[in-house]
Each structure stands twice: as structure tokens, then as C-alpha cells.
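Student: predicted model and sequence follow; I will ask about them next.
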Amino acid sequence: MKKIPVGILGATGMVGQNYIALLAGHPWFKVNYVAASPRSAGKRYGELTAGRWLLAKACDPSVSGLLVEDANDLSRAAAAAARGDLAFVFSALEMGKAEILALEDSYAAAGIPVVSNASANRWTDDVPMLIAEVNPSHTDIIPSQQAARGWKKGFIVVKPNCSIQSYMTPVWALLEAGYDVKRMVVTTMQAVSGAGYPGVASLDIVDNVVPYIGGEEEKSELEPLKILGSVENGRIRKADAPLISAHCNRVSVINGHTAAVSLEFGAKKAGIEEVKRIWSEFSALPQQLKLPMAPEQPIIVRDEANRPQPNKDRDADKGMAVSVGRLRACPVFDLRFVGLSHNTVRGAAGGGILNAELLKAKGYLG
Ligand code: NAP
């Protein structure tokens, strides 16, 4: 099968580099186009990232030689698309919200679908915010998104904030099994890589916990409601529950966001063994479709008293599985547990690739 040529906007950054590493040898997609800020444009990708490559795995040699484009220069991307050298882009840009909104729109309007990691479009009400195992049906909104904007081939999908799947995949499995979750308190312990590179100053984070990440608590409380919402009349109508209270902390961990969760069920309450069974048996569309990036088991239940831990569990199943543990009764709500997932893989580039695979399997790409 001829591979689909893909581009990465923000290719030089933390998430962009993860895209390049994860797409090396991908069975369907091939990185063919890399773009970043005007500062980086015109240089070879390998030269540009030589002193700032952040990952243990070396840069894919087939990408090192690519010329870095200015992500703001749509004419270059449009020309590549016209030649058949660019089918869609992953957006991993770090810019102002208005600039990202305008730029992602301009790519989609030019017929280049955008699979985004940026937060700018997460609350655009006809843009699906996908966790492939949780709300794959939200891709159904794409034809109305295109019709409303007069776009023929282009569209935009986003993925949620990098910590959400560590608690929403387990919660979704319970909802799908017929248990309502009314209220939750979520305390996240988020890795420094979540802030990009160079991120938080070492003097602020070594030997420390920073109990504030700008905008993160609002995202942690509200994004799940859009993910659990329904597609109605060309809009995503957000769900009314669960009510979430979030505390978000930056901790001295390189990769892996941890969430300590207490939750309250509705009238029907699941016991601990039932919850473990639901999580262990949970499987969704990406698993049924055998998408290349999908974890075989999306939720891994750890029975050890001291797991999950970031440096032991973040890489589970290519860094794509959510590990859960410490499941026990809660004296205030009903249950409590700890969820963990890799923020730059499952929470960023890996999650974006899985979304693109889902779109391809549904016939929206390529
Ligand atoms: P980053 O390391 O700071 O990288 C930012 C990228 O954006 C670089 O490629 C940079 O290019 C490019 N850029 C900056 N200003 C630009 C401009 N004016 N025009 C065009 N390109 C520009 O950020 P990151 O951590 O990779 O995050 C990227 C995006 O993913 C952000 O929207 C972030 O919120 C989101 N995200 C991050 C994570 C995570 O765990 N880190 C998780 C989920 C989502 P230069 O190298 O040329 O400056």
C-alpha cells in the first residue's frame, strides 16, 4: 500500500518530535512535510534539531533531510498538496489562540485536513474533540462542519488536554457498562514535558510541586463534558455530567501524567471487583479495527499497592495504554483510583496518530 504523505506543523517542538519518532515506520503514514516558526524555516530538519532533539530514539533519517517550511506560509503546503505530496497535517503548534484558529482554518479551507493537538479549536462547537476509544462517533460531525464552512476536503479534529484520558477512559468504560458517574474530584500530578521545551525552569520544579498550571483546571473539568456529549444538528451538545472538581499540579516527573480520582456513582453502584472486570475487559472501536497505534488493552489494571507509577507504567503498550490502580472504596464518594498515561505519547502525538488512523479507517483521509 502506498503510504499517505503527512505533514507536521510545529515539527521542531516537543510534540512535533514525538510525532516524528512515532511515525517512523508507520504502516499507513509517511512524514513528508515539516513546518515550524519563521525562525526555523529554510533549514534542514536534522540540522535544526541536532542540538535540541529531545528523545532517546534518534530522528528518522528520512525526515532529517526535509527542508523545514514556515507553518504560516500556506502557499507551500497548498503546493505540496496539489503535487500529491501532502494529504493532511498534524498540528502541534504553540502560538496564540487567535493565530492557531486562523492557521488551522486556512489549512482546512485549502483542502488539507488538520488533526490538531492545540487547544485553540477544542471549544469550536462543530469540531470533534476525540479520544478514539471514547467518542469515535463524533467524527460524524465532519460533513456538517465542511458544509457549514464551504470546505470540500479539509476539516479539523482535535484531541483533548494531555491528562484527560488518564481518568476519562476508565470513567467512560464505567458509563458504557451502565453506571452513571455523578461527581468526581480529580487531582492531577503532571509531568514537566507537558509544558513543552524548555518548559518549567529547573529551579522552580526540582525538589518542588507547583500547585498551579494556567488554564488546566478548567480544561480538566470541562473538556470531558464535550467528549461525552452528543452530535445534534451539526453541533456537539455537551453532556451535563459528571460534575468535576480538578486540582492540577506540576511535579518533578519528565513524562507521564497521574490523576488521583474520587468518584460518586448515581443510583446504581459498581463494586470494586466489578469495576476491575469492566476495565480489564474494556475494548473499543480502535481495538476492533486493529488500528496500528491502538493499545491492545486500553486500560491496564495494576493490583500492586504502589502502582501505577510514571517511570514504570507510562510506556505500557507503546505508551498508549492507561494504567489504573489503587482502586478502593472512598469514605466521601463511592470509589477512588489512580490513573496514569503518557502525556506526550497517548496525551499528544500518539493520541493524534490514533485519531488520524480512526479517520482513515472511516474513509475521511487519503
Ligand atoms: P513546543 O515544544 O513549545 O513547540 C512549539 C512548536 O510550535 C515548535 O515547532 C515551534 O517552532 C512552533 N511555533 C512557535 N511559534 C510559531 C509561530 N509563530 N509560527 C509557526 N510555528 C511556531 O510545544 P509542545 O509542547 O510541542 O506543544 C505543541 C502543542 O501541543 C501546543 O499547542 C500544546 O498546547 C499542545 N500539547 C502539548 C502536550 C505536551 O505534553 N507537551 C500535550 C498535548 C497537547 P520553532 O521551533 O521554530 O520555534
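Tutor: Looks like it came in fine. Residues are numbered from 1 along each chain as shown.
Student: tell me which stretches of the stretch 51-200 of the chain form helices.
Tutor: 61-64, 74-82, 97-109, 142-149, 164-176 (DSSP state H, counting those that start in this stretch).
Student: among the ones you listed, show me which one is buried the most.
Tutor: Compared across the helices of the stretch 51-200 of the chain, helix 164-176 shows the largest average neighbour count, a mean of 24 (mean count of other Cβ atoms under 10 Å). Every residue, glycine included, has its C-beta placed from N, CA and C.
Student: can it be found next to the ligand?
Tutor: No - using Cβ under 6 Å from any ligand atom, we find that helix 164-176 stays clear of the ligand, coming within 9.7 Å at best.
Student: centre of the chain versus that helix, how much separation?
Tutor: 14 Å (Cα atoms, centre = their mean, to the nearest Å).
Student: which other helices and strands does that helix contact?
Tutor: Judged by 3 or more Cβ pairs under 8 Å, 6 or more residues apart in numbering; DSSP states H and E, helix 164-176 is in contact with strand 181-190, helix 216-227, strand 257-265, helix 272-281, strand 299-301, strand 322-329, strand 335-341.
Student: redo those as a markdown table? Include distance to the ligand, mean neighbour count and mean pLDDT.
Tutor: As requested, the helices and strands packed on helix 164-176 are exported to a markdown table (distance: least, Cβ to the nearest ligand atom, whole Å; neighbours: other Cβ atoms under 10 Å; pLDDT from 0 to 100):
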| stretch | distance to the ligand | mean neighbour count | mean pLDDT |
| --- | --- | --- | --- |
| strand 181-190 | 9 | 22 | 98 |
| helix 216-227 | 10 | 20 | 98 |
| strand 257-265 | 8 | 23 | 98 |
| helix 272-281 | 24 | 16 | 98 |
| strand 299-301 | 20 | 21 | 98 |
| strand 322-329 | 15 | 20 | 98 |
| strand 335-341 | 11 | 25 | 98 |
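Student: mind putting those in TSV, distance to F29 included?
Tutor: Shown next, in TSV, are the helices and strands packed on helix 164-176 (distance: least, Cβ to Cβ, whole Å):
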stretch	distance to F29
strand 181-190	28
helix 216-227	24
strand 257-265	25
helix 272-281	30
strand 299-301	26
strand 322-329	24
strand 335-341	22
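Student: save the helices of the stretch 51-200 of the chain as CSV, and put in distance to R277 and mean pLDDT too.
Tutor: Formatted as CSV, those follow (distance: least, Cβ to Cβ, whole Å; pLDDT from 0 to 100):
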stretch, distance to R277, mean pLDDT
helix 61-64, 43, 96
helix 74-82, 47, 97
helix 97-109, 41, 98
helix 142-149, 35, 97
helix 164-176, 10, 98
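Student: E104 is nearest to which of the helices and strands packed on helix 164-176?
Tutor: Each of those has some distance to E104 by Cβ to Cβ; the shortest is helix 216-227, at 17.1 Å.
Student: how far off centre is the following helix or strand past that closest one?
Tutor: Tracing the chain past helix 216-227, the next element assigned as helix or strand by DSSP states H and E is strand 230-232. Distance, stretch centre to chain centre, for strand 230-232: 21 Å (Cα atoms, centre = their mean).
Student: which residues sit in contact with the residue of the stretch 201-350 of the chain found nearest the ligand?
Tutor: Nearest residue of the stretch 201-350 of the chain to the ligand (Cβ to the nearest ligand atom) works out as A348 at 3.6 Å. Residues counted as contacts of A348 (Cβ atoms under 8 Å, 6 or more residues apart in numbering) are 14-15, 18, 92, 117, 159, 162.
Student: burial count for the closest residue to F88 other than its chain neighbours?
Tutor: Take F88 and drop its neighbours on the chain: the residue closest to it by Cβ to Cβ, 6 or more residues apart in numbering is P113, 4.0 Å away. Here the number of neighbours of P113 (other Cβ atoms under 10 Å) works out to 23.
Student: nearest to L86, of the helices and strands packed on helix 164-176?
Tutor: helix 216-227 (28.9 Å).
Student: please name the nearest non-neighbouring residue to A71.
Tutor: Nearest to A71 is A35, by Cβ to Cβ, 6+ apart, at 3.8 Å.
Student: helix or strand right after the helix or strand hosting the one you found?
Tutor: A35 belongs to strand 29-36 when assigned by DSSP H and E. Later in the chain than strand 29-36, the nearest helix or strand by DSSP H and E is helix 45-49.
Student: for the ligand, what is the nearest residue in the stretch 1-150 of the chain?
Tutor: Counting by Cβ to the nearest ligand atom, the stretch 1-150 of the chain gets nearest the ligand through G13, at 1.9 Å.
Student: ok, that residue touching A36?
Tutor: Yes - using Cβ atoms under 8 Å, G13 is in contact with A36, at 7.4 Å.
Student: higher neighbour count, the two?
Tutor: More crowded of G13 and A36, by other Cβ under 10 Å: A36, with 26 against 23.
Student: could I get the pLDDT score of the residue nearest to the more buried one when sequence neighbours are not counted?
Tutor: Nearest non-adjacent residue to A36, counting by Cβ to Cβ, 6+ apart: T12, 4.3 Å away. Looking at T12, its pLDDT reads 96.
Student: burial of T12, as a residue count?
Tutor: 23.
Student: for it, give its distance to I156.
Tutor: T12 is 22 Å from I156, where distance means Cβ to Cβ, to the nearest Å.
Student: kindly report the same for L340.
Tutor: In terms of Cβ to Cβ, L340 sits 29 Å off from I156.
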